[in-house]
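1. Let me see the structure of the following:
(2 chains, ligands or ions: 2)
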Amino acid sequence: MRFPFKTSYDHDIRLFPDWWNFSLYAALLALAVVLPFMIDDYFLGEATSVLIWAVAGLGLMLLTGQTGQVSLGHSAFMALGCYSCVLLMEAGVPFVLAFLASGVITGIIGAVIAVPALRLHGVYLAIATLALAILADDIIVLTAEWTGGVNGKYAPPISILGVTVDRWSTPDLYYWMVLLVVVGVTLAYRNLLRAPLGRAFAAVRDSEISAQAMGIDIARTKTMAFGLSCAITGLGGALMGLFSGAFNNETFSFLLSIQLVMMIVVGGLGSIHGAFLGALVVSFLPQVLSITAGALGRGVAIPGLEAAVFGVMLIGFILFEPMGLYGRWLKIRTFLELFPFARKDMFRRQKAYLKTERLR
Amino acid sequence: MSLLNLKDVTLKFGGLTAVNKLSLSVEEGQVFALVGPNGAGKSTAFNLISRFYTPFSGSITFDGHDLLRLRPSQVPGLGIARTFQNIELFHQATVLQNLLVGRHRHRRTTMLEELLHLPRVRSEERANRLAVEEVIDFLDLQPYRDQRIAGLPYGVRKVVELGRALASKPRLLLLDEPASGLSVEETQNMRWWIDDIRRHMGITVLMVEHDMGLVGKVCDRVLALADGAKLAEGTPAEVQSHPAVIAAYLGTAAVSKGADAKGVRA
Ligand SMILES: Nc1ncnc2c1ncn2[C@@H]1O[C@H](COP(=O)(O)OP(=O)(O)OP(=O)(O)O)[C@@H](O)[C@H]1O
Ligand SMILES: [Mg+2]
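-> Ligands and ions are numbered 1, 2, ... in the order given. Alright, predicted model coming up:
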């Protein structure tokens, strides 16, 4: 076990607490950078897809994991990010600008929608946002003039400073581009966690009443969380649409929202690691399923199998491992570090002392 | 002019008058106690000052500012911090993070600056941490700094909540039953802390407390409430010996027995 020896406040403010921790993430990043030289194009495509899921997942994680607000409507914001990016590109805006603008646009529209939506709590918020996701599907069809409706749209070619970034001809460039977005979003997320606003998000999640007593404006903070969350998810949606080459209303159906929720719950609510672990699961589960189904001698795909397995996993994790895969890993790590002194009840949920129920 | 002024404040919950024409004024530098039997309306008075409730009538001012014009989240900005009767901490966060939330009213940085972690964010964070560490030293919270609230014993949580309020560097501190549920030693500590908070930090304290021993030791002035209305006000000794207060505390049982004997139905 390592004992951190702290010598200044910066120790707790820095991104990495110590050299060991820094080296670990530096190695991970280095590995991610050289990945294209190590695996073939097919797996590189898979890796790109994992990273895109991670971006979208980080967006929802900020809202649900950090601020405690459920949203089943994030597929709508992925769609918004995607269509706004593509429409801007078609209007002649360079890709980098169109991409950044799509995040900003989605964030602003998300924040506006948040104002009425966030008056709702818990399951009512979930239902309202689910309605939003379903509505988005219809809006895409109704505005077919711009969105292509059911027929969909083809993703325009991406060019950055004259260099073409294409999924098929330059998969490594595509991968690096997505990696850059992932690193940027992750850094911003981390910065938020070590700043007052990130703490305000957590305060709103844990106790609205005392957050207010500390001077945190609940409505404003929730709106910011929703806006930021939508902006990040919008970027994820833009990447996803561009990566898939062609997309229509079906691409961004509400099932995508459910997948996002499952992803952050399975990965581990409230942690950046959780978003990445969840992205791995969401990307590779369909493959594992089809391989298993194949091995069982079923040539044809079983309709709805994927959604069913996702659903069962979601319920399973909520019941048995609410801290998700990352929480499970923390437990294993603590067990190994303290071996043989770890106690079984170290992570047991402690009883929360009576909360003020009169003051809702 | 007094720091906090309540004038004829009334609040009803349905048919129940929780606070009835309550007037009180707390002078700068005082330790002021609200006492009274359960359900007297003490916590409700705190929640009125925090603006969680809006009174039906009456006025509440702090240092000349009309509190009724403010939203709950604007009240701490004037320098009013509080604790809750049933501890309200951020359970998933560490002690340090909880105390840092107490600094929120001093936040000067914008979302964009924080996302990019510009130098100003870093220097503000250092200042926040310094302020919080002073509180940690004052309350002897060093052993718990990096522990999550969810695993802490009740007594420590109580102290952390006090610490979070202190971290905001308030002018007025509202303590709702600071010693309830504490052991004899913990209550002793709380007594010295309240003394120091007034003497060395120059913070005015308004507290609700059932432990009359503690009230007698730390408070200059006491106001007794029953059924939302003022019964008596004065020094701890005066209030404790006031007949109406004794009657209220001895319980309605004794009073109604006397009433029954005279043939009067309460
Ligand atoms: N939100 C509410 N809705 C309805 N009634 C309430 C509400 N809050 C308090 N009350 C009632 O108002 C009265 C005063 O409650 P309050 O919590 O202020 O009492 P208190 O003096 O703090 O008592 P205790 O010593 O038990 O904390 C009680 O009868 C209580 O039931
Ligand atoms: Mg009370």
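2. Which residues of chain B lie near ligand 2?
-> Near ligand 2, the residues belonging to chain B are B:43, B:85 when assessed by C-beta under 5 Å from the ion. Just so you know, the C-beta spots here come from the backbone N, C-alpha and C atoms, and that holds for glycine as well.
3. Show me the domain layout of chain B.
-> Taking automatic domain parsing as the domain assignment, the record places the domains of chain B at B:1-79+B:179-266, B:90-169.
4. rank these by mean pLDDT and give me the bottom one.
-> The stretch with the lowest mean pLDDT among those is domain B:1-79+B:179-266, at a mean of 88.
5. wait, does it contact ligand 1?
-> Yes - Domain B:1-79+B:179-266 reaches ligand 1 (C-beta under 6 Å from any ligand atom) through B:13, B:16, B:18, B:36, B:38-44.
6. Contact partners for the residue in the stretch 51-200 of chain A that ligand 2 sits nearest to?
-> Minimum separation of the stretch 51-200 of chain A from ligand 2 (C-beta to the ion) falls at residue A:121, amounting to 24.6 Å. With contacts taken as C-beta atoms under 8 Å, 6 or more residues apart in numbering or on different chains, residue A:121 has no neighbouring residues.
7. mind checking how far it is from residue B:124?
-> Noted for residue A:121: a distance of 32 Å to residue B:124, by C-beta to C-beta, to the nearest Å.
8. and residue B:8, that one's in a strand?
-> Yes - checked against DSSP: H, G, I helix; E, B strand; the rest coil, residue B:8 lies within a strand.
9. ok, and the closest non-adjacent residue to it?
-> Once flanking residues are discounted, residue B:8 sits nearest to residue B:58: 4.2 Å by C-beta to C-beta, 6 or more residues apart in numbering or on different chains.
10. My guess is that neighbour contacts residue B:6. True?
-> Yes - counting by C-beta atoms under 8 Å, residue B:6 is a contact partner of residue B:58 at 6.9 Å.
11. Quick check: neighbours shared by the two?
-> Taking C-beta under 8 Å, 6+ apart as the contact rule, residue B:58 and residue B:6 both touch B:22-23.
12. From the neighbour counts alone, determine which of those two ranks first.
-> Between residue B:58 and residue B:6, counted using other C-beta atoms under 10 Å in any protein chain shown, the more crowded position is residue B:6 (21 against 17).
13. need the contact list for that one.
-> By C-beta under 8 Å, 6+ apart, the contact set of residue B:6 is B:22-25, B:45, B:48-49, B:58-60.
14. Any idea what it is bridged to?
-> Under the criterion DSSP bridges, residue B:6 forms beta bridges with residue B:24, residue B:60.
15. isn't residue A:102 right up against residue A:232?
-> No - contact between residue A:102 and residue A:232 fails when scored by C-beta under 8 Å: they sit 11.4 Å apart.
16. ok, which residues in the stretch 151-300 of chain A are in contact with ligand 1?
-> Going by C-beta under 6 Å from any ligand atom, none of the residues of the stretch 151-300 of chain A are near ligand 1.
17. what does the stretch 151-300 of chain A put close to ligand 2?
-> Taking C-beta under 5 Å from the ion, no part of the stretch 151-300 of chain A reaches ligand 2.
18. Let me see the ranges of the strands in the chain.
-> Looking at chain A here, since you left the chain open. With DSSP state E applied, chain A shows strands at A:153-154, A:158-160, A:163-165, A:246-247, listed in chain order.
19. try again with chain B
-> Listed from the start of the chain, chain B has strands (DSSP E) covering B:4-13, B:16-26, B:31-35, B:57-62, B:65-66, B:80-82, B:172-176, B:204-208, B:221-226, B:229-234.
20. Check the ones you listed for me and report the most buried one.
-> Here the criterion is mean neighbour count by mean count of other C-beta atoms under 10 Å in any protein chain shown, and of those the winner is strand B:80-82, at a mean of 26.
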